[in-house]
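Q: Here's a sequence, model it:
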Amino acid sequence: MDVSLSDGKMRCFGNKPGQDYYADYHDNEWSVPERNDQKLFEMLVLEGAQAGLSWDTVLKKREGYRKAFHQFDVSKVAAMSDDALEALREDASIIRNKLKIYSARKNARVFLAIQKEFGSFADYLWGFVDNKPQINHWVSFEQVPVTTDVSDALAKDLKKRGMSFVGSTIIYAYMQAVGLVNDHLTRCWCYGRDHETFQR
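A: You can find the predicted model right below:
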């Protein structure tokens, strides 16, 4: 648990010197229920990019990803050519892993198919938690799981539909990021905040 050097607020993460961007993410995005499909797609791509790396590394490259992947317009990403994807392997503003880059297009195409089937990706996604975020009451991060039965089921279904970089561990982190679960620790200043009505 980090304590902010500037405002004295107790946070789960993001208060080391020079990490204002990380604290902002913690305060205003992490565990806040998200139902906007474009935002849900953005976080899906970013969580996949994190595989084997730190979330801090991904956040630093977030603007690079937005530029590289058309502000996460899912239709535009789904239509990207092989040449466009290959060019991104030379782009230092993103993580230049070929499989991760190509997975953005593959996952965009599956994302569109899910939208067509369910009306929106949000309706599909939130159905896994009965349209209500799970509020947890952890005292320390040692208690926070890295996978759950829900993340297992969601990961299995996404893989079956053709997505990649959607293992259960990645998907649980995704669930935290978009608010399907609220894992703010009990000592965190965000614990107990009504994230359903929270306005960014």
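Q: any idea how far the residue positioned nearest the centre of the chain is from Ala92?
A: Geometric centre of the chain, nearest residue: Met43, 3.4 Å, by CA atoms, centre = their mean. To Ala92, Met43 is 22 Å away according to CB to CB, to the nearest Å. Every residue, glycine included, has its C-beta placed from N, CA and C.
Q: Could you do Gly18 as well?
A: Separation of Gly18 from Ala92 (CB to CB) stands at 20 Å.
Q: One more: Ala51?
A: 19 Å.
Q: do the same with Trp55
A: From Trp55 to Ala92 the distance is 19 Å (CB to CB).
Q: Those two: who's more crowded?
A: More neighbours surround Trp55 than the other of Trp55 and Ala92, with 18 against 8 (other CB atoms under 10 Å).
Q: Verify the stated contact: Ser103 with Ser164.
A: Yes: the criterion here is CB atoms under 8 Å, and Ser103 meets it with Ser164 at 4.4 Å.
Q: which residues do these two both contact?
A: The contact sets of Ser103 and Ser164 overlap at Gly48 (CB atoms under 8 Å, 6 or more residues apart in numbering).
Q: Please say which of those two ends up with more neighbours.
A: Ser103 (21 against 17).
Q: For the nearest residue to the residue nearest to the centre of the chain once chain neighbours are set aside, grab the count of nearby residues.
A: Spatial nearest neighbour of Met43, chain neighbours left out: Ala177 (4.9 Å); criterion: CB to CB, 6 or more residues apart in numbering. Ala177 has 24 neighbouring residues, counting by other CB under 10 Å.
Q: Against which helices or strands is the helix or strand where Arg105 lies packed?
A: Here Arg105 sits within helix 98-118, counting by DSSP states H and E. Judged by 3 or more CB pairs under 8 Å, 6 or more residues apart in numbering; DSSP states H and E, the packing partners of helix 98-118 are helix 37-50, helix 74-78, helix 82-88, helix 121-126, helix 149-161.
Q: Turn those helices into a markdown table, columns for distance to Gly8 and mean pLDDT.
A: Output for the helices and strands packed on helix 98-118, formatted as a markdown table (distance: least, CB to CB, whole Å; pLDDT from 0 to 100):
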| stretch | distance to Gly8 | mean pLDDT |
| --- | --- | --- |
| helix 37-50 | 29 | 97 |
| helix 74-78 | 40 | 98 |
| helix 82-88 | 41 | 98 |
| helix 121-126 | 35 | 98 |
| helix 149-161 | 34 | 98 |
